[in-house]
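Enquirer: Sequence first, then the predicted structure, then my questions.
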Amino acid sequence: MSEQRELYDVTIIGGGPAGMYAAFYSGMRDMKTKLIEAKEELGGRMLIYPEKMIWDVGGVTPTLGRDLIERLKQQAMTFDPAIVLGQQIVQFERLEDGTFRLTSDTGEQHWTRTVVLTVGYGILKTAKLEIEGADRYEVTNLHYTVQELEPFRGKRVLISGGGDSAVDWANELEPIAASVTIVHRREKFGGHEKNIARMKASSVQVRVPYAVNQLHSRDGEVVDEVMIAHVETGETERIEVDAVIVNHGLKADFGPLREWGLHMDEWCAHVTDKLETNLPGIFAAGDFVDHPSKVRLIAGTFTDAVLAVNSAKLHLDPEAPKVAYVSSHNDRFKEKNKALGV
């Protein structure tokens with residue numbers, strides 16, 4: 001077989017936490033691995049929240065999102081998988097010998113014996129503030145994500161949204177901002193209970209059920225005031241601001257993946273407890289999937305990756321061990337341990 005048609009045991013599509021951990025674990029299973037990511041860098045959805053503190057990964061003390069991405073990248077490269085960036089897979093074909101030919105939006109083709117889909121919510125698009133003219137402030141003080149906390153120090157910040165990220169940003173900014181106001185159109189917030197309780201016990205000013213309905217600017221360049229309206233009574237309130245953060249969620253776009261014949265709903269694919277899709281030889285993990293035991297934490301995504309790779313391995317070799325040997329007894333780590341002086 002020519003180098004151009006090099007065949008891999010498994011090709012992982014999607015380079016977020018699930019995809020990166022799958023690339024590491026497939027190395028533990030001695031599988032020839034390729035990982036393909038549509039963006040020009042690995043990280044997936046976590047790239048949107050580099051300053052967000054991650055608390056809930058086992059054995060990892062509180063870590064910034066950007067730092068966890070770097071650790072996952074390093075771990076993913078342990079067994080030297082092939083990494084392809086900047087390509088979205090748009091087509092798959094099952095060949096006569098049972099292998100797959102994957103075609104990307106650049107026209108490049110990839111050959112593989114199995115596929116693990118870790119595409120998250122597809123190509124994510126930020127839900128914008130639906131106010132005419134709001135886009136003019138995106139270059140100044142209207143933000144849809146927070147790359148760094150420091151620019152908000154001493155500022156009057158208004159956050160529009162009520163999900164996990166909106167609550168998290170309110171808690172992260174409260175100690176350093178002059179004031180934080182969070183506006184949500186529902187009485188209940190959608191974040192984790194402990195984070196919501198922490199927010200409500202702090203100096204964060206909570207306005208519910210309200211929605212942002214006007215932005216005011218004295219010079220036409222930055223937002224100075226925000227008008228919010230009660231969603232039931234219409235009663236309005238003006239709030240002076242230095243910065244506005246809008247977190248109205250993300251819209252999923254799976255593109256051509258919906259044409260593959262996978263059992264999918266609006267947000268995800270439905271898989272078995274072994275992370276099998278309805279298409280033989282194609283498995284899936286992470287935010288992209290739903291199954292009866294699904295745990296929607298980063299820790300849960302790692303377990304998904306392990307189960308999907310194990311299923312891919314057994315698809316190729318039904319006589320293979322059901323799981324990889326633990327690292328302390330896995331021959332794949334012997335030379336690496338020697339390099340560490342262990």
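Expert: Yes, it's here.
Enquirer: So what's the residue count around residue 58?
Expert: By other Cβ atoms under 10 Å, 8 other residues sit near residue 58. Bear in mind the C-beta positions are built from the backbone N, C-alpha and C, glycine included.
Enquirer: Closest to the centroid, which residue in this protein?
Expert: In the chain, the residue lying closest to the centroid (Cα atoms, centre = their mean) is residue 45, at 2.6 Å.
Enquirer: Surely that one and residue 123 touch.
Expert: No: assessed by Cβ atoms under 8 Å, residue 45 is found out of contact with residue 123, at 11.1 Å.
Enquirer: Roughly how far does the residue nearest to the centre of the chain sit from residue 115?
Expert: 20 Å (Cβ to Cβ, to the nearest Å).
Enquirer: Contacts only, for residue 115.
Expert: Applying Cβ atoms under 8 Å, 6 or more residues apart in numbering to residue 115 gives the contacts 10, 11, 12, 13, 92, 100, 102, 281, 282, 283, 312.
Enquirer: one more time with 7 Å, if that's ok
Expert: Residues near residue 115 by Cβ atoms under 7 Å, 6 or more residues apart in numbering: 11, 13, 100, 281, 282.
Enquirer: now residue 65
Expert: Per Cβ under 7 Å, 6+ apart, neighbours of residue 65: 46, 49, 50, 51, 52, 54.
Enquirer: Please report phi then psi for the fifth one.
Expert: Which is residue 52. The phi/psi pair for residue 52 (degrees, to the nearest 10) reads phi -70, psi 130.
Enquirer: Quick check: closest non-adjacent residue to it.
Expert: residue 65 (4.6 Å; Cβ to Cβ, 6 or more residues apart in numbering).
Enquirer: Quickly note the distance from the one you found to residue 148.
Expert: According to Cβ to Cβ, residue 65 stands 12 Å off from residue 148.
Enquirer: what's the next secondary structure element after the top helix by length along the chain?
Expert: Determined from DSSP state H, the single longest helix within the chain is helix 298-316. Downstream of helix 298-316, the first helix or strand assigned by DSSP states H and E is helix 334-339.
Enquirer: Identify all contacting residues around the helix or strand of the chain with the lowest mean pLDDT.
Expert: In the chain, no helix or strand scores lower on mean pLDDT, DSSP states H and E than strand 250-251, which sits at a mean of 75. Strand 250-251 has contacts (Cβ under 7 Å, 6+ apart) with 121, 124, 125, 126, 127.
Enquirer: Among those residues, name the buried ones.
Expert: Listed as buried from the contacts of strand 250-251 are 121, 124; burial here means 16 or more other Cβ atoms under 10 Å.
Enquirer: how about JSON lines for the contacts of strand 250-251, with pLDDT added?
Expert: What follows is these, written out as JSON lines (pLDDT from 0 to 100):
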{"residue": "121", "pLDDT": "87"}
{"residue": "124", "pLDDT": "72"}
{"residue": "125", "pLDDT": "75"}
{"residue": "126", "pLDDT": "81"}
{"residue": "127", "pLDDT": "85"}
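Enquirer: Need the contacts of strand 250-251 in a markdown table (columns: secondary structure and distance to residue 271).
Expert: Formatted as a markdown table, the contacts of strand 250-251 follow (DSSP: H, G, I helix; E, B strand; the rest coil; distance: Cβ to Cβ, whole Å):
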| residue | secondary structure | distance to residue 271 |
| --- | --- | --- |
| 121 | coil | 16 |
| 124 | coil | 21 |
| 125 | strand | 24 |
| 126 | strand | 27 |
| 127 | coil | 27 |
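Enquirer: Thank you, goodbye.
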